[in-house]
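1. next input, structure requested:
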Amino acid sequence: MYMQNLTDAQLVKRYISGDEIALEFIIKKHQHKILAFIISKVYDRDVAEDIFQDTFVKVIKTLKGGKYNEEGKFLPWVIRISHNLVIDHFRRNQRMPKFEAKDREFDILEFLSDGTRNAESSMIKEQIHSDLTKMIQLLPDDQREVLVMRLYKDLSFKEIAEVTGVSINTALGRMRYALINLRKLVDQNQIVLTE
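-> The predicted model follows:
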């Protein structure tokens with residue numbers, strides 16, 4: 001089939017011009033990578049497939065609405081959409097996936113990886129988590145986004161850079177400032193992060 005030789009940009013252009021088969025072809029072309037990315041974040045195939053469907057509903061709306069700017073980066077753009085929908089999924093369910101701090105710089109958050117607890121400890125943990133979540137919401141958008149992707153989604157700084165469309169150094173800088181600002185907010189609000 002001649003469509004196999006077309007680039008993503010050419011397929012998108014054909015779809016926008018009314019060729020529905022071009023969209024079907026581009027979805028099949030990237031389906032495995034996108035679905036694997038979503039599954040790696042939600043750990044549930046059914047949820048992942050729902051998010052995959054929602055991703056392409058959004059892709060279609062954007063393409064049909066003429067809001068897509070071709071930069072030769074169709075796949076990273078779709079991955080970014082699916083990533084945002086994964087975050088929305090966790091927000092709707094008011095839960096975040098588990099994470100483990102991999103760097104001593106994240107000591108402020110180590111309480112989240114504790115083992116079994118009694119009822120009192122669980123209540124304290126919930127309060128700490130609630131307080132910390134509120135503080136994270138007060139961070140500037142770009143810093144909060146990087147912090148959530150790194151700690152809650154366990155994305156590498158390279159992945160964060162790709163998803164957000166910035167350099168790795170910018171992503172690292174945003175994380176550094178997020179942690180500095182988070183520590184300041186915790187101090188200013190006199191939040192105790194230990195039991």
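
2. check which helix or strand residue 177 maps to.
-> helix 168-188 (DSSP states H and E).

3. mind listing what's buried along that helix?
-> In terms of neighbour count (16 or more other CB atoms under 10 Å), helix 168-188 has its buried residues at 170, 171, 172, 174, 175, 177, 178, 179, 181, 182, 185, 186. For every residue, glycine as well, the C-beta is placed using N, CA and C.

4. could the residues you listed be laid out in a markdown table, adding distance to residue 150 and pLDDT?
-> Below are the buried residues of helix 168-188 laid out as a markdown table (distance: CB to CB, whole Å; pLDDT from 0 to 100):
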| residue | distance to residue 150 | pLDDT |
| --- | --- | --- |
| 170 | 13 | 91 |
| 171 | 8 | 89 |
| 172 | 10 | 90 |
| 174 | 9 | 90 |
| 175 | 6 | 89 |
| 177 | 13 | 91 |
| 178 | 9 | 89 |
| 179 | 10 | 88 |
| 181 | 15 | 88 |
| 182 | 12 | 83 |
| 185 | 18 | 82 |
| 186 | 18 | 76 |
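
5. tell me the one of those residues nearest residue 59?
-> Proximity of the buried residues of helix 168-188 to residue 59, judged by CB to CB, is greatest for residue 171, which lies at 24.4 Å.

6. show me the contacts for that closest one.
-> If you count contacts by CB atoms under 8 Å, 6 or more residues apart in numbering, residue 171 has them with 146, 157, 160, 161, 164.

7. now do the helix or strand hosting the third one against helix 168-188, angle only.
-> Under DSSP H and E, the secondary-structure element containing residue 160 is helix 157-164. Put simply, helix 157-164 runs at 90 degrees to helix 168-188, going by axes from the mean of the first three to the mean of the last three CA atoms, to 10 degrees.

8. distance from helix 157-164 to the middle of the chain?
-> Relative to its chain's centre, helix 157-164 lies at 10 Å (CA atoms, centre = their mean, to the nearest Å).

9. list of residues touching it?
-> With CB under 8 Å, 6+ apart as the criterion, helix 157-164 contacts 76, 79-80, 83, 142, 145-146, 149-150, 155, 167-168, 170-172, 175.

10. which of these lies closest to residue 63?
-> Minimum distance to residue 63 across these is 14.8 Å, recorded for residue 80 (CB to CB).

11. number of nearby residues for that closest one?
-> By other CB atoms under 10 Å, 16 other residues sit near residue 80.

12. the helix or strand hosting it - what's its average pLDDT?
-> Following DSSP H and E, one finds residue 80 within helix 74-92. For helix 74-92, mean pLDDT rounds to 86.

13. what of stretch 25-38?
-> The average pLDDT for stretch 25-38 rounds to 91.

14. list the buried ones in that stretch?
-> If you call a residue buried by 16+ other CB under 10 Å, then stretch 25-38 has these buried ones: 25, 26, 27, 29, 30, 34, 35, 37, 38.

15. what sits against the fourth one?
-> The reference is to residue 29. 8, 11.

16. ranges for the helices of the chain?
-> According to DSSP state H, the chain carries its helices in the segments 8-16, 20-42, 45-64, 74-92, 119-137, 141-147, 157-164, 168-188.
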